[in-house]
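Engineer: dropping the sequence and predicted coords here.
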Amino acid sequence: MSQSLTPETAGDPPQDLAAEFVLGVLSPQEWRDADRRLAEDPAFAAEVAAWEARLTPLIHGAEPVTPATDLWPRIRRSLPANDVGGGEGGVNFWRSLTAASAFIAVVCLTLAVVTGRPSGPQPVARAVATAPPAATAAEPLQVALLRPTHGPTAFVATLDRSRKLMTVSPGAAPAPKGRSLELWMIPPGGAPQPLGVIPSDHSAKMPMPDAFAGRGDTPIVLAVSIEPKGGSPTGLPTGPVVATGRFNVV
Amino acid sequence: MAIAADLERVRLVRALQRVASGEAAALEDIYRRTSAKLFGVILRILGDRNEAEDVLQEVFVTVWNRAGSYDPSRGVSPITWLAAVARNRAIDRIRSRSARPTQPIEAAAETPDGAAPAWAVLEAEDDARRLAACLEALDEKQSSAIRTAFFDGVTYEALAVRLGAPLGTVKSWIRRGLASLRTCLEA
């Protein structure tokens, strides 16, 4: 239903998409379209940058609040600092896909993306967090939060395309005694593929799976399951899935 | 007082540069100096402590990975840069939970942290005061719609429900308000 022809709005200024994007009032679809346009339209990106600069000072109106004292240790543990090997395992297929898909459908998927330095003429804080700049030398670094259906982020995965590396770092990760955590990737409509056993107390670095190499739409889900020590003996998830998430598409 | 704010700004810029070169201790320093401020921004937007802590974690992982992209020569202060990252992350989170009802603003009204560094306020003063003056000059409905939209990360439609006004009217308030704001800030 369009409201644009009501007499009340007749004298309004024309829509300022960049301003509305920064303010956050666009519908999810409009927002995604604008987000995409940032990468392709430098003039629009500059407009967004200018609105960032105008509106960002509003932030200082929020009262400071101290977060929980255990948050810093949690963050510290989740930093990709300690490297270990990973990425073992051949390619097998999960037969009970229906059950898997049903599970994936109900878990909370959290998307996040980080990109490099903005290229607009103004300081663009937003571009650091979400907007792919029009022309940047650095490859975007993407982030996925892997979470259980309810509860805090269990793992943070980062994808460094320029170095072809994926890092998985524990946040509030479960530490199953005598069992292992195994990482899987599940392509849309496809079967889970093992990416190796990951530690619950420090980061794991692994070669970026080829499936992530494309720049197009690759809504691959990452999942972590609890498996017998050393990983699933079958090459398919056998235990409960404790966290899922995915990288969003730039 | 201005000197204290300048000093804090320089410290924060240096800490970001040290983070960019991989110094975890510098990230902890930034956390100690800014987490209450950033958490306040995120909590104001999300209204849920657990979720806000998740997002704050995400913000610091972002800072750890991307501190090098902060460029002080662009004229944006480090705390504003960090706070903008925090707001954007929080709004991304809102977008990802769009099926769930948003919390009323009151849910975010936690006790302010009395020990918050005054410098953050001082440093923000210039920009914030100018913006506040321009918002003051707007029609009250326009400025309050803009503030609510900014902090609640809500779409026009949700905003119309929240403000109890027709969608067209809310769009009109926001569009007129933004246009006037631009003129005022550029004056």
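Structural biologist: Noted; the coordinates are in hand.
Engineer: residue 23 - how many residues pack around it?
Structural biologist: In the absence of a named chain, chain A is used. Per other C-beta atoms under 10 Å in any protein chain shown, the neighbour tally for A:Leu23 reads 24. Just so you know, the C-beta spots here come from the backbone N, C-alpha and C atoms, and that holds for glycine as well.
Engineer: looking at chain B here, not the other one
Structural biologist: With other C-beta under 10 Å as criterion, B:Glu23 counts 14.
Engineer: roughly how far does it sit from chain A?
Structural biologist: Distance, B:Glu23 to chain A, by C-beta to the nearest C-beta, to the nearest Å: 11 Å.
Engineer: and that residue, what's its pLDDT?
Structural biologist: Per-residue pLDDT puts B:Glu23 at 85.
Engineer: which is the next helix or strand following the helix-or-strand element of chain B with minimal mean pLDDT?
Structural biologist: In chain B, no helix or strand scores lower on mean pLDDT, DSSP states H and E than helix B:118-137, which sits at a mean of 68. The element immediately downstream of helix B:118-137 (helix or strand, assigned by DSSP states H and E) is helix B:140-152.
Engineer: give me the contacts around that following helix.
Structural biologist: Applying C-beta atoms under 8 Å, 6 or more residues apart in numbering or on different chains, the contact partners of helix B:140-152 are A:23-25, A:55, A:58, A:61-62, B:44-45, B:102, B:105, B:135-136, B:138, B:154, B:158-159, B:162-163, B:170, B:173-174, B:176-178, B:180-181.
Engineer: narrow those to those in helices?
Structural biologist: Using DSSP state H, the members of these that fall within helices are A:23, A:55, B:44-45, B:135-136, B:158-159, B:162-163, B:170, B:173-174, B:176-178, B:180-181.
Engineer: any weak-confidence spans in the chain?
Structural biologist: All of this is about chain A. Counting by pLDDT under 70, chain A has low-confidence residues at A:1-10, A:80-141, A:214-218, A:248-250.
Engineer: my question was about chain B
Structural biologist: B:1-5, B:74-76, B:97-126.
Engineer: break chain A into its domains for me.
Structural biologist: A:7-61, A:77-108+A:147-246 (automatic domain parsing).
Engineer: possible to save those as a markdown table with distance to B:Asp71?
Structural biologist: Output for those, formatted as a markdown table (distance: least, C-beta to C-beta, whole Å):
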| stretch | distance to B:Asp71 |
| --- | --- |
| domain A:7-61 | 13 |
| domain A:77-108+A:147-246 | 19 |
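Engineer: which one of those lies closest to chain B?
Structural biologist: Checking the domains of chain A against chain B by C-beta to the nearest C-beta gives domain A:7-61 as the closest, at 3.6 Å.
Engineer: burial measure for A:Ser180, as a count.
Structural biologist: Neighbour number of A:Ser180 under other C-beta under 10 Å is 19.
Engineer: check B:Glu140 too.
Structural biologist: 10.
Engineer: relative to B:Arg33, how far out is it?
Structural biologist: 35 Å (C-beta to C-beta, to the nearest Å).
Engineer: likewise for A:Gly235?
Structural biologist: In terms of C-beta to C-beta, A:Gly235 sits 48 Å off from B:Arg33.
Engineer: compare neighbour counts for the two and give me the winner.
Structural biologist: Using other C-beta under 10 Å, the more surrounded residue of A:Gly235 and B:Arg33 is B:Arg33, with 20 against 16.
Engineer: care to break chain B down by domain?
Structural biologist: B:2-122, B:138-187.
Engineer: what is the end-to-end distance of the shortest one?
Structural biologist: Pointing back at domain B:138-187 there. Domain B:138-187 has an end-to-end distance of 15 Å (criterion: C-alpha to C-alpha, to the nearest Å).
Engineer: how far off centre is it?
Structural biologist: Relative to its chain's centre, domain B:138-187 lies at 17 Å (C-alpha atoms, centre = their mean, to the nearest Å).
Engineer: need the domains of chain B in TSV with distance to A:Arg161, can you?
Structural biologist: Shown next, in TSV, are the domains of chain B (distance: least, C-beta to C-beta, whole Å):
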stretch	distance to A:Arg161
domain B:2-122	13
domain B:138-187	29
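Engineer: for A:Asp16, find the nearest of these.
Structural biologist: The minimum distance between A:Asp16 and these falls on domain B:138-187, with 5.8 Å, by C-beta to C-beta.
Engineer: is any residue of the helix or strand containing A:Glu30 near chain B?
Structural biologist: Secondary structure assigned from DSSP H and E places A:Glu30 in helix A:28-40. Yes. For a cut-off given as C-beta under 8 Å from any C-beta of the partner chain, helix A:28-40 has contacts with chain B, namely A:Pro28, A:Trp31.
Engineer: tabulate the CA atom coordinates of that helix in CSV.
Structural biologist: Provided in CSV are the C-alpha atoms of helix A:28-40 (Å, rounded to 0.1, in the frame of the first residue of the first chain):
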residue,chain,number,x,y,z
PRO,A,28,14.5,-5.1,5.2
GLN,A,29,14.3,-5.5,1.4
GLU,A,30,14.9,-1.8,0.7
TRP,A,31,17.8,-1.9,3.3
ARG,A,32,19.4,-4.9,1.5
ASP,A,33,19.0,-3.2,-1.9
ALA,A,34,20.7,0.0,-0.5
ASP,A,35,23.4,-2.0,1.2
ARG,A,36,24.2,-3.7,-2.1
ARG,A,37,24.1,-0.4,-4.0
LEU,A,38,26.8,1.0,-1.7
ALA,A,39,29.3,-1.3,-3.3
GLU,A,40,28.4,-0.3,-6.8
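Engineer: might you report the residue contacts of A:Pro228?
Structural biologist: By C-beta under 8 Å, 6+ apart, A:Pro228 lies in contact with A:Arg179, A:Ser180, A:Thr238, A:Gly239.
Engineer: ok, it to B:Ser73 distance?
Structural biologist: Using C-beta to C-beta, A:Pro228 is found at 54 Å from B:Ser73.
Engineer: which ones among the contacts of A:Pro228 map onto strands?
Structural biologist: Mapping the contacts of A:Pro228 onto strands (DSSP state E) picks out A:Arg179, A:Ser180.
Engineer: ok, of the contacts of A:Pro228, which come out buried?
Structural biologist: A:Ser180 (16 or more other C-beta atoms under 10 Å in any protein chain shown).
Engineer: can I get the contacts of A:Pro228 in a markdown table with distance to A:Gly245?
Structural biologist: Converted to a markdown table, the contacts of A:Pro228 look like this (distance: C-beta to C-beta, whole Å):
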| residue | distance to A:Gly245 |
| --- | --- |
| A:Arg179 | 21 |
| A:Ser180 | 19 |
| A:Thr238 | 21 |
| A:Gly239 | 18 |
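Engineer: which of the contacts of A:Pro228 sits closest to A:Leu159?
Structural biologist: For the contacts of A:Pro228, the nearest to A:Leu159 is A:Ser180 (22.8 Å; C-beta to C-beta).
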